[in-house]
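1. Starting from these lines, generate the structure:
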Amino acid sequence: MLADLIRKRHRCGKAALLLSLSLAAGLAPAQSQADLDQRFAAIREVNRYVPHEALRMLIKLEPQGRAAVPATKAEFLNQLSQATLSVGGKAPALALAEELIALGKQHKDNAILAKGMLARAYVLIAMNELRASHLAAWEAEKLANTTGDMVLRITATITSGHSHEEEGNFPEALIKLQWAAALARQYAHPIETVMALNALAVLYTSMKEYEKGFEALDEALPVAAQTNSPGRIATLKKTESALAIETNQPKRALAALLAGLELERKIGANKMIAISLVNLADSYLKEHDWARTISYSNQAIEAARPLNEESIEATARVNLGQAYLGMNRLADGKRSFEAGLAVFEKSGNKPRLQIVMMEYGEALERAGDMAGAVKAYHRERTISDELFEVRRQKAVLELQGKYEADKKERQIDLLRRENEMKSVEIDNRRLQQRVWWLLAVVFALASAIVGILYRKVRQANARLKVKNHELKQQSSRDPLTSLYNRRHFHEFMRTNAPVEKRGAAPAEEIVGALFLLDVDHFKHVNDTYGHAGGDAVLTMISENLRLILRETDMIVRWGGEEFLAFLPAIPRNGVDKIARRLLAGISAQTIEYHGHRISVNVSIGFAPFPLSPGEQPLPWERAVNLVDMALYMAKGHGRNRAYGVRGFDKFGETSMEQIEQDLERAWREGFVDMSVVLGEWPQAVAAPAAAANA
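-> Numbers count the residues shown, from 1 in each chain. Alright, predicted model coming up:
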């Protein structure tokens, strides 16, 4: 969670913080334009680290700022937007950014426009509007590069680099940030040099090029000392701690955090203090030092509360909950965890909520609360499915947009050719009036053009048919694994008729079957090898499923790291064998990824299909839901195993609704007949460290 708390938004400034405070607080009311500019320059660095104080100063100067010349008014609006955002006022900060943009348009001033677009980008990123924020940042960079304001150009380039990094485009982000650092060095702007080098160190951490990250920090620290800004040095210390954690240097990380906290307290940077306290709690949590974790978490809560920083307080409560659970204080741990989760749910930050929910399940599992862990995993899976569906819809919309763009391009091309043909016909009429003997040639030329156009239309229609086929294929397939997606499975099951029973003996009864697989400890794979490594594992599993199952079986990427297999016709007594074969087949495979051998296990829920608790078979949706519940039982009971629903007993004494509320209890009370298939633990499995403690 440390990386989530490192802010990647920086503000430009030249004056040292102590000088800023003295100038901003001590000067008499502005007597001249130069004096006003000097005061705003002095406040700029205060704004970066003590926004509450900067906001107070800016409000006091608001009459002069709004009445100033456009460039000075723009700097006032820019800083007011930043200060307002830093204290939690997202809506008024966005309104100020839009006012700044309008000012730039009014005076046709690209420097003012660029500042406005940057201010808009900062607010949108705080509102989790990532794509809109990135577009604003890139537009700001284009505008800034047309001006002679070097500080603005460097700041816009850094922000552009951050946006590419957040999109996962590390090569482009590296180009931008290296260029920003080169400009800052060339024009001797120390604060901008520190900003660019710190941004590079953060990027190198994400790229796992840790040595280069430390090199950037080594260059930045002496420059930061020249600025006489404790805040800049504290920021570098925070980045150093993240790098040290990634390179397994916990003592160095702790020392950097403590040094940064001391500097932050010296300047009264309250928000940075709260974040550092959370990071210290997180650091001690990794060492299982529960007492210090609880102490720093409580300090972070107290520091964040007056700032109205709900996300920081929520993160501290999650750390506090993990410490309590580590001490087997289940009630306290759950209460603290749920308080933090409520904030993340309220904010709508589902990616963050999914990560915290997974941590909750793992902490409950380590504490021995298997039922609570299953519920947490089920909540995490629901969020994962929602995120997967959003990503899928986005991909389909992008594909449709591309198709519509191609269609419009073809239409424009046809219209252009039609206009050309009309032009030729007009010329033909003129020629007909003047030179009758060329009439035959003109008709021949017109016929040739019509023939060409006819062939072009046929070719365009043929390409359109191919594109339609591709669109249909892509809308039914997962782009990473080429397996069927959930939408295709839904359409298939709506028209699928259950297989007819055959055979004289019960053992020969032919049924369908559903298998739902989830990769064990997949978060650890992503954390260790990155999302590209996780994608390689998902691709490996999809290939193995094709080998293990038959061509007639339907294999579906169900969502995230989940796969669903529908076998239309197998002997009933062979369902457990298929589960055993899936467990063994996947765990036996490894892949080479950047010099590492990766092997994973899966947990499985399964059942024959259709399932008939009474006289009527269950709809396929409810059957899949039961299989999903069986999967989470497999996870809650140790992973690398399969739990299957074979049938129902004493159904007159219960109901399907009661069974669905708690499948495990229904099994233990004898209402559900289940089978358990255990997987083997191969020697080569690279099990995560967390699993050993589970």
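2. quick one: the strands in the protein?
-> Taking DSSP state E as the test, the strands found in the chain are 484-485, 510-519, 554-559, 562-571, 591-593, 596-598, 602-609, 641-648, 672-678.
3. any idea how far the residue nearest to Ala314 when sequence neighbours are not counted lies from Ile312?
-> Nearest non-adjacent residue to Ala314, counting by C-beta to C-beta, 6 or more residues apart in numbering: Val343, 3.6 Å away. C-beta coordinates here come from the backbone N, C-alpha and C atoms, glycine included. The span separating Val343 from Ile312 equals 10 Å under the rule C-beta to C-beta, to the nearest Å.
4. Between the two, which has more neighbouring residues?
-> Here Val343 and Ile312 are set side by side on neighbour count (other C-beta atoms under 10 Å), and the busier one is Ile312, at 22 against 19.
5. Just confirm the more buried one contacts Ala274, I think it does.
-> Yes - if you go by C-beta atoms under 8 Å, Ile312 and Ala274 touch, sitting 4.9 Å apart.
6. which residues do these two both contact?
-> Residues touching both Ile312 and Ala274 (C-beta atoms under 8 Å, 6 or more residues apart in numbering): Ala300, Ala303, Ala304.
7. Distance of the last one relative to Ser311?
-> Meaning Ala304. Noted for Ala304: a distance of 8 Å to Ser311, by C-beta to C-beta.
8. neighbour count winner among those two?
-> Ala304 (25 against 18).
9. For that one, give me its contacts.
-> With contacts taken as C-beta under 8 Å, 6+ apart, Ala304 has the following neighbours: Ala274, Glu310, Ile312, Glu313, Ala316.
10. Ile604 versus the nearest residue to Ala579 once chain neighbours are set aside, what's the distance?
-> For Ala579, ignoring the flanking residues on the chain, the nearest one in space by C-beta to C-beta, 6+ apart is Ala642 at 4.0 Å. According to C-beta to C-beta, Ala642 stands 4 Å off from Ile604.
11. Can you get me a residue count around Lys208?
-> When counting by other C-beta under 10 Å, one arrives at 12 neighbours for Lys208.
12. Surely it and Thr528 touch.
-> No - under the contact definition of C-beta under 8 Å, Lys208 does not touch Thr528, with a separation of 10.0 Å.
13. For the stretch 251-400 of the chain, give me the ranges with low pLDDT.
-> Within the stretch 251-400 of the chain, the set of residues satisfying pLDDT under 70 comprises 387-400.
14. how about the helices of it, start to end?
-> Counting by DSSP state H, counting those that start in this stretch, the segments of the stretch 251-400 of the chain that form helices are 270-286, 290-304, 310-326, 330-347, 350-366, 370-434.
15. same for the third one, what does it pack against?
-> Packed against helix 310-326, as judged by 3 or more C-beta pairs under 8 Å, 6 or more residues apart in numbering; DSSP states H and E, are the following elements: helix 2-5, helix 270-286, helix 290-304, helix 330-347, helix 350-366.
16. How much space separates Ala579 from Met674?
-> As defined by C-beta to C-beta, Ala579 lies at a distance of 12 Å from Met674.
17. and Ala300, what is it in contact with?
-> Under the criterion of C-beta under 8 Å, 6+ apart, the contact partners of Ala300 comprise Ala274, Leu277, Val278, Ala281, Ile312, Glu313, Thr315, Ala316, Asn319.
18. Ala184 now?
-> Ile154, Pro190, Glu192, Thr193, Met195, Ala196.
19. quick one on the thing from earlier: now the common contact residues for Ala642 and Ile604.
-> Each of Ala579, Leu582, Leu583, Ala634, Val677 lies in contact with both Ala642 and Ile604 under the rule C-beta under 8 Å, 6+ apart.
20. residue ranges with poor pLDDT in this structure?
-> Within the chain, the stretches falling below the threshold (pLDDT under 70) are 1-31, 387-414, 418-444, 446-448, 450-451, 453-454, 456-457, 459-475, 497-508, 681-694.
21. Find the centremost residue of it, please.
-> The chain has Pro351 as the residue nearest its centroid, 5.9 Å off, counting by C-alpha atoms, centre = their mean.
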